[in-house]
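Visitor: Fold the stuff below for me.
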Amino acid sequence: MVIEFWQNLHPAVQLFLKGLAVVLVIFPLGGIGSLAERKVSAWIQGRPGPNRAIPIWFAWVPVLGPFLQRLGVFHLMADGLKMLFKEDALPGHVNKVYFVLAPIVAMIPALTTVSAVPFGAYVNEAGQMVPLILANVDVGILAVFAVSSLGVYALILAGWASNSKYPFLGGIRASAQLISYELSMTLSVLPVFLWINAPGTSGSLSLFNVVQFQSGTDFLGGMWFVFLMPVSALVFFVSLFAETNRLPFDMAEGEADLVGGFHTEYGAFKWGLFFVAEYAHMIVGSGVFVLLFLGGWNPLPWLPLATVLGWFGVAANPIIFGLASIAVFLAKVIFFVFVFMWVRWTVPRFRYDQVMKLGWQKLLPLAIGNLLFYAAAIAIIQLNLGVAAWAALAVGTVGACALILKFPQQKIIS
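Guide: The predicted structure follows:
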């Protein structure tokens, strides 16, 4: 009944509700992410974390009030109100139009990329799996990469429009870093789509199809790509840290040497938009990693969600299936968001030259070699060339790795 009601709505009403849902979900998640960041850092460093703020009317509630206070929930409310009502000063030396435009440009990719990421699925009356997604496009991963890459313009624009030395340096660092790691990230996902698109079929870049390919029960069909393509997963995950501007790759901020980087001159609500965008990119990036390499909403390798729900006789119920798929998917995303925060508070920041060296001299050759290996492996499997071809591929891979490791490293001048 709910699905039929949604399908009978006017397309314009559906678009409005989808856009409203994105705003109402992403903005609170950005605030919750900042609170989670402080609680995780406090847990790692052995201190209480935010546990002071509480409205006066909650202070009198015997059990619930102190419990929510210790969790720091009311700090989220205090931060949001402070960002909203704090005086939003506009420095006189900045280029005002572009200075105000930069945080808006930062939010647009953050609010747009989530529309192409499936966050669950359900089984319709015909027994077909239907993705829960705002924009079910067949070029899903391409849309995510194309739109998310526009976020670098916000950092460059903020650094340039600030008319200040340190923000400008932060914007330059951001442009170099994000361009460097986008190459490795794109090359790392190509083996996945080479694997799922058989020759002679209409090729697809849909993230939903990637999850469906990992939803089988046979050996290769049910294996998650993190096990089948571990190098791709590693390159993508490291590049994701750099693309989301998170430690140890936060070269665009670098408080030790750039004061605050590209957002030094920002405050109040405009400053908050940059960080909501950062947490939104982190959440969407974690979701894409889960879809590509961790089976999406399938709980375990070789154990699809449909099989688990079939044990309880509810696999045909679209509501239960949809809610269960969302719960499994969000659990995996939350885990990787925690990993982002865990790494931030345990790994020291790299130097700028180290970031460039890792991106160009380590990850990029690794991603290219990984792509060539799986292209050859897929050809061997499809043509059934036998053991000799596999031996030649293994020897060639070992030789290429040895050549890369022994190749003289050129010094990068930051």
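Visitor: if I pick residue 266, what's in contact with it?
Guide: 103, 158, 162, 274 (Cβ atoms under 8 Å, 6 or more residues apart in numbering). (Each C-beta comes from the backbone N, C-alpha and C, glycine too.)
Visitor: Pull out the buried residues from the residues you listed.
Guide: Among these, those buried by neighbour count (16 or more other Cβ atoms under 10 Å) are 103, 158, 162, 274.
Visitor: Residue 48: which of those residues is nearest?
Guide: Relative to residue 48, the closest of these is residue 274; by Cβ to Cβ it sits at 27.4 Å.
Visitor: Show the contacting residues for the closest one.
Guide: 103, 106, 154, 158, 263, 266.
Visitor: quick one: the last one from residue 71, how far?
Guide: Taken as Cβ to Cβ, to the nearest Å, the spacing of residue 266 relative to residue 71 amounts to 29 Å.
Visitor: Ok, residue 396 next?
Guide: Between residue 396 and residue 71 the computed distance is 55 Å (Cβ to Cβ).
Visitor: How many neighbouring residues does the closest residue to residue 264 other than its chain neighbours have?
Guide: Distance criterion Cβ to Cβ, 6 or more residues apart in numbering; nearest residue to residue 264, sequence neighbours excluded, is residue 167 at 4.9 Å. Residues near residue 167, counting by other Cβ atoms under 10 Å, number 27.
Visitor: mind starting the numbering at 46 from now?
Guide: In the new numbering, first residue 46, that becomes residue 212.
Visitor: so which of the contacts of residue 319 would you say is closest to residue 361?
Guide: Closest to residue 361 out of the contacts of residue 319 is residue 151 (43.0 Å), distances taken as Cβ to Cβ.
Visitor: pLDDT score for that closest one?
Guide: On pLDDT, residue 151 comes in at 87.
Visitor: OK, contacts around it?
Guide: By Cβ under 8 Å, 6+ apart, the neighbours of residue 151 are 196, 199-200, 203, 318-319, 322.
Visitor: all strands for the stretch 96-245 of the chain, in order.
Guide: Ranges of strands within the stretch 96-245 of the chain are 165-168, 174-177, based on DSSP state E, counting those that start in this stretch.
Visitor: which SSE is the closest residue to residue 81 other than its chain neighbours in?
Guide: Nearest non-adjacent residue to residue 81, counting by Cβ to Cβ, 6+ apart: residue 386, 6.7 Å away. Using DSSP states H and E, residue 386 sits within helix 363-389.
Visitor: any idea how far the residue positioned nearest the centre of the chain lies from residue 286?
Guide: Nearest to the mean C-alpha position of the chain, by Cα atoms, centre = their mean, lies residue 330 at 0.8 Å. Relative to residue 286, residue 330 is positioned 9 Å away (Cβ to Cβ).
Visitor: Residue 261 now?
Guide: Computed as Cβ to Cβ, the residue 261 to residue 286 distance reads 31 Å.
Visitor: thinking the residue nearest to residue 81 is in contact with residue 82, fair?
Guide: Yes - here residue 386 reaches residue 82: they are 5.4 Å apart, a contact under Cβ atoms under 8 Å.
Visitor: Just want to know which of the two has more residues nearby.
Guide: Of the pair residue 386 and residue 82, residue 386 is the one with more neighbours under other Cβ under 10 Å, namely 22 against 19.
Visitor: max-length helix in the chain?
Guide: With DSSP state H setting the assignment, residue counts place helix 56-90 as the longest helix in the chain.
Visitor: follow-up on the earlier one: for the helix holding residue 386, buried residues please.
Guide: Going by 16+ other Cβ under 10 Å, helix 363-389 has these buried residues: 363, 366-367, 369-371, 373-375, 377-378, 381-382, 385-386, 389.
Visitor: Let me see the contact set for residue 147.
Guide: Taking Cβ under 8 Å, 6+ apart, one finds 199-200, 202-203, 206, 315 in contact with residue 147.
Visitor: which regions of the chain sit below the pLDDT cut-off?
Guide: Judged by pLDDT under 70, the chain has its weakly predicted residues at 46-52, 245-246, 301, 435, 445-459.
Visitor: still on that earlier bit, name the helix or strand for the residue nearest to the centre of the chain, please.
Guide: Take DSSP H and E as the rule and residue 330 turns out to sit in helix 313-338.
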